[in-house]
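> Fold the following, please.
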Amino acid sequence: MIIDAIKRNLDILAVIGLFVFTSIFYNISVPSIYMWDEAVYANNALEMSQNNKLFPLYTDGKISEYNVKPPLVIWMQYIAIKLHGINELSIRLPSVLAGIMTCVIIGFFGTRNFNFQIGAISILILLTIQGYVNTHVIRSGDLDATLVFFTTAYLLLFLQDLIRPFNNRIKYFSILGILIFLAFLSKSIAGLMPLLGMVLAVLLVPENRKILREKYLYFSVIGVLVAIVSYYLIAELSNPGYFGKVWASEFLRLTENVMPWHAQPFWFYIANMVKYNFTPHIFILPLIYFAYKSSKISISIFTKNALIIVSAFLMLISYPIVKLEWYDAPVYPILALVMSAGIYESLSSLKLPALFDNKRIIFYIAALFLLFPLYKIYTLNGRSLPNDPLQYDGYAIRYLNTNSPDIKNYKVLLYSKHYQHYDQANFYIKASNVEKMTNIKLEHQISAINIGDTVLCSQSLMMDSLRSKFDLQEINKIHESFLFRIEKIIGN
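Alright, predicted model coming up:
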């Protein structure tokens with residue numbers, strides 16, 4: 001049956017393949033490791049691959065102070081490094097796989113409950129939403145792609161039960177609890193935030209309230225709470241003071257301005273969706289009216305409850321003053337399904353001429369419209385050069401490893417007041433020293449540079465200081481970085 005369905009829809013699957021390649025695979029390992037989050041997690045995973053300690057997380061031989069999130073994604077990166085080496089693809093592979101699996105589950109959900117075309121269109125929509133296809137979700141080694149996969153999985157399982165209740169209630173609530181806990185292990189309390197929408201869907205929709213009478217619901221809730229508390233206890237025992245760090249960095253941000261440089265107004269996410277994350281899709285969002293009013297019970301039930309979940313989540317993340325532009329990523333797979341149903345129902349109501357198969361015509365109309373945002377994503381994904389000065393050194397180290405493998409002994413001169421600014425360069429230095437048997441050292445002061453040294457430098461102030469003190473022979477220029485050989489002290 002599945003094989004027959006594939007044969008009947010090879011053309012549609014080919015279009016989906018094009019979108020998957022463009023949004024997920026194209027150029028995925030070409031950009032160097034991004035500063036901030038990806039660089040932090042990459043160093044955690046690299047260090048884990050060397051010390052083989054699964055918990056706690058380490059950076060430079062010390063327990064990580066910056067990353068206090070649960071380690072599920074780091075474990076996945078650790079496995080990828082063991083299988084594929086220390087490189088960009090290994091760091092991003094968990095996000096790639098999570099992106100593919102998220103497409104699979106929304107496509108399956110749409111096909112099972114509505115029809116094959118709605119499932120297929122939902123995949124195309126998701127893969128053209130810039131709030132999902134970006135360098136903090138499926139295009140980098142961050143935690144969010146895996147988070148979105150598990151939140152989508154448990155939300156769709158919940159919505160599926162509202163449409164067509166599962167017979168085996170123990171199995172349903174057990175799987176639901178496991179998925180919620182895995183979402184927590186992906187990115188801590190962020191994995192629990194969509195639960196508010198589920199609670200409101202139960203309370204606000206009368207026909208959903210029967211779930212409150214099921215004892216297995218409460219067993220599942222207790223099981224998830226016990227698992228989360230157990231995790232924190234184990235983490236605290238292995239790293240005393242851990243929970244205090246979590247409290248300060250995660251729980252307090254719900255009510256306190258713990259990151260003033262990321263303070264944003266209440267309507268930040270909605271404005272950002274209009275401006276960037278959800279454009280041009282947001283302009284056809286009114287078509288969900290047709291899904292909401294659909295005569296097909298499964299579509300109307302899904303749309304009604306999905307909109308409650310999405311609205312509740314957006315309101316919840318809008319409340320804290322600290323906001324980051326990719327925190328709305330969990331809503332996009334659900335919105336992709338809602339919009340897909342709305343597009344299908346609206347176009348079906350037009351009674352298109354039956355030139356071929358009306359369902360196929362609707363799919364291709366949607367695909368044609370989505371080619372425009374896909375092209376924009378293709379353009380963005382085609383970039384390879386770093387635009388953040390803190391990424392210049394890592395990019396240059398990787399370039400030298402590939403194009404000048406005979407240069408194995410040099411110093412990277414980089415200074416910052418903040419140790420996190422060294423993360424990207426540190427990753428490439430460690431990776432090169434481990435896999436290429438190089439002898440690269442990170443130095444922060446001119447006093448560490450001696451005659452005869454080979455030095456890589458990208459900071460203009462540091463280069464000016466070098467030129468004022470030494471005669472330099474330029475060996476190579478890589479983007480914005482220079483490789484010099486120190487010839488002699490000026491005046492000698």
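
> hang on, residue 440 packs against residue 431?
No. Taking contacts as CB atoms under 8 Å, residue 440 lies outside contact range of residue 431: 9.9 Å. For every residue, glycine as well, the C-beta is placed using N, CA and C.

> Compare these two (neighbour count), which wins?
Set side by side, residue 440 and residue 431 show more neighbours around residue 431, with 28 against 23, by other CB atoms under 10 Å.

> Buried residues in stretch 81-92, which are they?
81, 86-88, 90-92 (16 or more other CB atoms under 10 Å).

> cool, stretch 484-492 as well?
In stretch 484-492, the ones that count as buried by 16+ other CB under 10 Å are 484-486.

> Closest to residue 192 out of these?
Nearest to residue 192, judged by CB to CB, of these is residue 484 at 51.3 Å.

> list the contacts for that closest one?
Going by CB atoms under 8 Å, 6 or more residues apart in numbering, residue 484 touches 454-457, 466, 472-475.

> where does it land in three-state SS?
Per DSSP: H, G, I helix; E, B strand; the rest coil, the secondary structure class of residue 484 is strand.

> so what's the nearest residue to it once chain neighbours are set aside up against?
Take residue 484 and drop its neighbours on the chain: the residue closest to it by CB to CB, 6 or more residues apart in numbering is residue 472, 4.3 Å away. Counting by CB under 8 Å, 6+ apart, residue 472 makes contact with 466, 484-487.

> among the buried residues of stretch 81-92, which two are most distant?
In those, two members sit farther apart than any others by CB to CB. They are 86 and 92, at 12.5 Å.

> Scan the chain for its longest helix.
helix 88-113 (DSSP state H).

> what about the strands in this structure?
With DSSP state E, the ranges of strands along the chain come out as 58-59, 62-63, 409-413, 439-443, 454-457, 470-478, 481-489.

> Those strands: which one's closest to residue 187?
That would be strand 58-59 among the strands of the chain, by CB to CB, at 18.4 Å.

> Give me the contacts around that closest one.
By CB under 8 Å, 6+ apart, strand 58-59 touches 40, 43-44, 47-48, 51, 64-67.

> Tell me the most packed of those residues, by neighbour count.
Going by other CB under 10 Å, residue 43 tops these with 27 neighbours.

> domain ranges for the protein?
2-381, 389-489 (automatic domain parsing).

> how far is the shortest one from where the chain is centred?
When you say that, I think you mean domain 389-489. 30 Å (CA atoms, centre = their mean, to the nearest Å).

> Repeat that for the longest one.
Here the centre of domain 2-381 is set off from its chain's centre by 9 Å, with CA atoms, centre = their mean.

> can you pull the contacts of the most centrally placed residue in the chain?
Centroid-nearest residue in the chain: residue 137, 2.1 Å away (criterion: CA atoms, centre = their mean). Residue 137 sits next to 95, 99, 131, 144-145, 148, 326, 329 when contact means CB under 8 Å, 6+ apart.

> If we use 10 Å, what do you get?
Listed by CB atoms under 10 Å, 6 or more residues apart in numbering, the contact set of residue 137 reads 95, 98-99, 102, 129-131, 143-148, 326, 329-330, 332.

> Could you pull out the buried residues of stretch 376-396?
For stretch 376-396, the neighbour count (16+ other CB under 10 Å) marks 377, 381, 386, 390-396 as buried.

> From the contacts of residue 472, pick the one nearest residue 20.
Nearest to residue 20 among the contacts of residue 472 is residue 484, at 44.0 Å by CB to CB.

> And the pLDDT at the closest one?
The model reports residue 484 with a pLDDT of 94.

> now the end-to-end length of stretch 273-285.
Terminal residues of stretch 273-285 lie 12 Å apart, using CA to CA, to the nearest Å.

> which residues make contact with that stretch from outside it?
Contacts of stretch 273-285 (CB under 10 Å, 6+ apart): 125-126, 128-132, 134, 267, 269-272, 314, 325-326, 328-329, 331-332, 335-336, 338-339, 342-343, 346, 366, 369-370, 372-373, 376.

> Show me just the buried residues among the residues you listed.
125-126, 128-132, 134, 269, 272, 314, 325-326, 328-329, 331-332, 335-336, 338-339, 342-343, 346, 366, 369-370, 373.

> any idea how far residue 79 is from residue 97?
As for residue 79, its distance to residue 97 is 11 Å (criterion: CB to CB, to the nearest Å).

> And residue 374, by the same measure?
21 Å.

> low pLDDT regions in the chain?
Along the chain, the model assigns pLDDT under 70 to residues 1-3, 5, 351-357, 491-492.

> re earlier: out of the strands of the chain, which is the most enclosed?
strand 454-457 (a mean of 23; mean count of other CB atoms under 10 Å).

> ok, and what's touching that one?
Residues from elsewhere that reach strand 454-457 (CB under 10 Å, 6+ apart): 392-393, 396-397, 400, 407-415, 425, 429, 440, 442-443, 446, 448-449, 462-463, 465-466, 470, 472-473, 475-476, 478, 481-486.

> Which positions are bridged to residue 483 in the beta structure?
Here residue 483 sits in beta bridges with residue 456, residue 476, going by DSSP bridges.

> Cross-check the contact I'm expecting between it and residue 474.
Yes. Residue 483 lies in contact with residue 474 (CB atoms under 10 Å); the separation is 7.3 Å.

> Quick one: residues contacting the closest residue to residue 310 other than its chain neighbours.
Distance criterion CB to CB, 6+ apart; nearest residue to residue 310, sequence neighbours excluded, is residue 331 at 4.8 Å. Neighbour list for residue 331: 129, 131-132, 148, 151-152, 155, 194, 197, 269, 273, 277-278, 306, 309-311, 313-314, 317, 338 [criterion: CB under 10 Å, 6+ apart].

> Same check on residue 29?
Contacts of residue 29 (CB under 10 Å, 6+ apart): 87-93, 96.

> I'd like those residues laid out as CSV, including distance to residue 74.
Putting those into CSV (distance: CB to CB, whole Å) gives the following:
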residue, distance to residue 74
87, 16
88, 16
89, 16
90, 12
91, 10
92, 13
93, 12
96, 16
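
> What separation is there between the residue nearest to residue 484 and residue 485?
Applying CB to CB, the value for residue 472 to residue 485 is 7 Å.

> Residue 362 too?
To residue 485, residue 362 is 64 Å away according to CB to CB.

> ok, now residue 66?
From residue 66 to residue 485 the distance is 35 Å (CB to CB).

> Nearest approach to residue 247 belongs to which of the strands of the chain?
Checking these against residue 247 by CB to CB gives strand 62-63 as the closest, at 16.8 Å.

> picking that back up, list only those of the contacts of residue 331 flagged as buried.
Members of the contacts of residue 331 classed as buried by 16+ other CB under 10 Å are 129, 131-132, 148, 151-152, 155, 194, 197, 269, 273, 277-278, 306, 309-310, 313-314, 317, 338.
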